[in-house]
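Participant: Let's see this in three dimensions:
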Amino acid sequence: MFGTNLLERRSRPERIANEAWEHLTSAVHSAGDSVLDTARSARRNSAGLADDAGDLVGTAADEARRRAVLAFDALAGRRPALPWTLLIGATLVGAAIGWAAASATRAALSRDDRAADDIEFVDVDRPNSPVGLDG
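Facilitator: Numbering: from 1, shown residues only. Predicted structure coming up:
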């Protein structure tokens, strides 16, 4: 009796989300059971085919459960978590690229400084200069 009152006091979106979750989990379980039965019969027929099908069934069931959890969270109004691994990885790659660019720039500038010291200026006399600088 106490449990029934709690269920009745929930808001309408919570009840809808709960019903959707129940439908999703039952669909996932029934799909998983039927696929597992198919895999078992295939395993009896050929061992190699059954091993591949078993791996595929496990992967499909895991993906279905993951999607069901994401769907339930979306129905409940929860936002997905930030992909911290991706963000940290992108930051590290950006830092590595920045470090490489800075090192290349420093090397190019030091080469230019050394080359500037080696430049020798030559005074050239040009006969019949139109500007009249020679005379």
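Participant: from here on, contacts and neighbour counts on C-alpha atoms
Facilitator: Fine.
Participant: Look at residue 80 and tell me its secondary structure.
Facilitator: coil (DSSP: H, G, I helix; E, B strand; the rest coil).
Participant: Quick check: it vs residue 38, distance?
Facilitator: Per CA to CA, to the nearest Å, residue 80 is found 34 Å from residue 38.
Participant: How about residue 63?
Facilitator: 18 Å.
Participant: and what of residue 95?
Facilitator: Residue 95 is 50 Å from residue 38, by CA to CA.
Participant: just for the chain, where's the confidence low?
Facilitator: By pLDDT under 70, the low-scoring segments of the chain are 1-10, 31-32, 35-36, 39-57, 112-135.
Participant: how about a cut-off of 50?
Facilitator: 1, 135 (pLDDT under 50).
Participant: just the strands in this structure please.
Facilitator: Remark: no strands are assigned in the chain by DSSP state E.
Participant: mind giving me the domain split of it?
Facilitator: Here the domain parsing of the chain from automatic domain parsing is 1-80, 83-118.
Participant: more neighbours, residue 95 and residue 38?
Facilitator: residue 38 (15 against 12; other CA atoms under 10 Å).
Participant: the helices in this protein, which residues?
Facilitator: 2-9, 12-45, 47-76, 84-117 (DSSP state H).
Participant: Can you name the residues that contact the closest residue to residue 20 other than its chain neighbours?
Facilitator: The shortest distance from residue 20 to any non-neighbouring residue, by CA to CA, 6 or more residues apart in numbering, is to residue 72 (7.3 Å). Residues in contact with residue 72 (CA atoms under 8 Å, 6 or more residues apart in numbering) are 17, 20, 21.
Participant: give me that answer again for 10 Å
Facilitator: Counting by CA atoms under 10 Å, 6 or more residues apart in numbering, residue 72 makes contact with 17, 18, 19, 20, 21, 22, 24, 25, 78.
Participant: now residue 90
Facilitator: 84, 96.
Participant: Repeat that for residue 87.
Facilitator: Counted by CA under 10 Å, 6+ apart, residue 87 has contacts residue 93.
Participant: likewise residue 17?
Facilitator: 11, 23, 71, 72, 73, 74, 75, 76, 77.
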